[in-house]
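Q: Fold the following.
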Amino acid sequence: GTLAVGTDKAPTILAPCSLTIVKVKLVVKTAPTGSAIIVDVNKNGTTIFTTQANRPQIAAGQTTGDSGTPDVTSLVEGDKLTIDIDQVGSSTPGADLTVEVVCNQTVVWG
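A: Down below sits the predicted model:
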C-alpha cells in the first residue's frame, strides 16, 4: 500500500543462521515524487546503518534503490531484523515497498 513514515513497518525477519549482511535492496511499484524514500533496518532494535547516509533509498521518480555498506553486518541465528520507513516522497509517497536484505553465508568444509 501507500507508504508512511514509521517504525516497525513490516513483519519481523528472523535470521535462520549465521549470516553476513552485504547490502539492502528496495523496490516499489509506485515511485516517490518530490523526495526519496529512505528506509532503515534494525538488528534487535538497533540500526545497522550507524552511518545514516548509507541507509537504503529510492530516489524521487525511481522504483529501485539500495544501500551503502551497513556498519553492522553480522547476524546469528535468531537475530531479529525490523524495518523502519524514515522518509517518503513529499508529493507522492510511493507504494508497495519490498525490502531485500542481501546476505552471504560462510560454509566451512572439513
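Q: Quick check: phi and psi at residue 12.
A: phi -70, psi 140 (degrees, to the nearest 10).
Q: Buried residues, stretch 15-26. List them.
A: 15, 19, 21, 23, 24, 25, 26 (16 or more other C-beta atoms under 10 Å). For every residue, glycine as well, the C-beta is placed using N, CA and C.
Q: What is the burial count for the residue nearest to the third one when sequence neighbours are not counted?
A: This points to residue 21. The shortest distance from residue 21 to any non-neighbouring residue, by C-beta to C-beta, 6 or more residues apart in numbering, is to residue 73 (4.6 Å). The burial count assigned to residue 73 is 15, neighbours taken as other C-beta atoms under 10 Å.
Q: Residue 73 contacts residue 48, correct?
A: Yes: taking C-beta atoms under 8 Å as the definition, residue 73 is a contact partner of residue 48 at 7.4 Å.
Q: count of residues packed around residue 93?
A: Using other C-beta under 10 Å, residue 93 has 21 other residues around it.
Q: Quick check: closest non-adjacent residue to it.
A: Nearest to residue 93 is residue 3, by C-beta to C-beta, 6+ apart, at 4.6 Å.
Q: before we move on, back to that, going by distance to residue 58, which of the buried residues of stretch 15-26 wins?
A: Closest to residue 58 out of the buried residues of stretch 15-26 is residue 26 (5.2 Å), distances taken as C-beta to C-beta.
Q: The closest one belongs to a strand, doesn't it?
A: Yes: under DSSP: H, G, I helix; E, B strand; the rest coil, residue 26 sits within a strand.
Q: so what's it up against?
A: Neighbouring residues of residue 26 by C-beta atoms under 8 Å, 6 or more residues apart in numbering: 37, 39, 56, 57, 58, 64, 65, 66, 97, 98, 99, 100.
Q: 6 Å instead, please
A: Contact partners of residue 26, counting by C-beta atoms under 6 Å, 6 or more residues apart in numbering, are 56, 58, 65, 99.
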